[in-house]
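Here is a sequence together with a model predicted from it:
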Amino acid sequence: MIHSFPPCADEHTRILIVGSMPGGASLKAGEYYAYKHNQFWRLMFDLLAAGRTPESYRDKLNTLLIHHIGLWDALESCERKGSLDGSITRPHPNDFPSLFKRFPAIRTLLFNGQAARTHFKRAFGEPAGKNCITLPSTSPAHASRSYEEKKALWRAALKLPGTGARP
């Protein structure tokens, strides 16, 4: 059985990015999206920090929070061989109802890939009062879209200037 990380959110968080479950490299490092080939942090820093290189993991999380963006996984725990979402068994969801009560400003959920959305929806259905958008996964296992295509879709979902792309 493997376990996810605590949420990264605060009272100003309006957008919550929801992943599925950290992969092996992330679990080993104790950090969200630690696998060097995952494009998550590259996307976030290209979109939110003009491509600046993050100084540390704390810098990564603070950059999200400064932009009112939080981060959590759909699953609190599961069994999985390897790091692929398709290998997840015995999923147990995180307590999103409590998180939404604690941080009521969260209005938008951005799902980092279909697996995150599927696990969330299976546990909670469609959350009332939340705008839910499923985006292309930043995982290297999902290479059907180019980095630039993913960046345009994430930019649009984050409602940042610079693209007319629609998720």
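Nice, thanks for sending it over.

Now do the helices in the protein.
Along the chain, counting by DSSP state H, helices occupy 24-29, 40-48, 57-66, 96-102, 114-124, 147-157.

Next, format those as TSV and append distance to Leu84.
In short, each C-beta sits where N, CA and C put it, glycine included. Output for the helices of the chain, formatted as TSV (distance: least, Cβ to Cβ, whole Å):
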stretch	distance to Leu84
helix 24-29	10
helix 40-48	16
helix 57-66	24
helix 96-102	23
helix 114-124	9
helix 147-157	19
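
Asn131: which of the ones you listed is closest?
Of all the helices of the chain, helix 147-157 sits nearest to Asn131, with 9.5 Å by Cβ to Cβ.

so what does that closest one touch, helix or strand wise?
Helix 147-157 is packed against helix 40-48, strand 108-112, strand 131-135, with contacts defined by 3 or more Cβ pairs under 8 Å, 6 or more residues apart in numbering; DSSP states H and E.

now stretch 144-157: how far from the chain's centre is it?
Here stretch 144-157 shows a centroid-to-chain-centroid distance of 14 Å under the convention Cα atoms, centre = their mean, to the nearest Å.

Can you give me the buried ones in it?
150-157 (16 or more other Cβ atoms under 10 Å).

ok, now how distant is Glu149 from Gln39?
Counting by Cβ to Cβ, to the nearest Å, the gap from Glu149 to Gln39 is 11 Å.

Any chance you could list residues touching both of these two?
Shared contacts of Glu149 and Gln39, defined by Cβ atoms under 8 Å, 6 or more residues apart in numbering, are absent.

pLDDT below threshold where in the protein?
Within the chain, the stretches with pLDDT under 70 are 162-167.

wait, Tyr147 sits on Gln39?
Yes - if you go by Cβ atoms under 8 Å, Tyr147 and Gln39 touch, sitting 6.2 Å apart.

quick revisit: mean neighbour count, the helices and strands packed on helix 147-157: which tops it?
Mean neighbours per residue, mean count of other Cβ atoms under 10 Å, is largest over the helices and strands packed on helix 147-157 for strand 108-112, with a mean of 23.

Now for the residue lying closest to Pro140 once chain neighbours are set aside, how many residues are close by?
Nearest residue to Pro140, sequence neighbours excluded (Cβ to Cβ, 6 or more residues apart in numbering): His37, at 4.1 Å. As a burial measure, His37 scores 11 neighbours (other Cβ atoms under 10 Å).

Please apply the same query to Thr118.
For Thr118, the count of nearby residues is 17 (other Cβ under 10 Å).

ok, it to Thr13 distance?
Remark: distance between Thr118 and Thr13 (Cβ to Cβ) = 23 Å.
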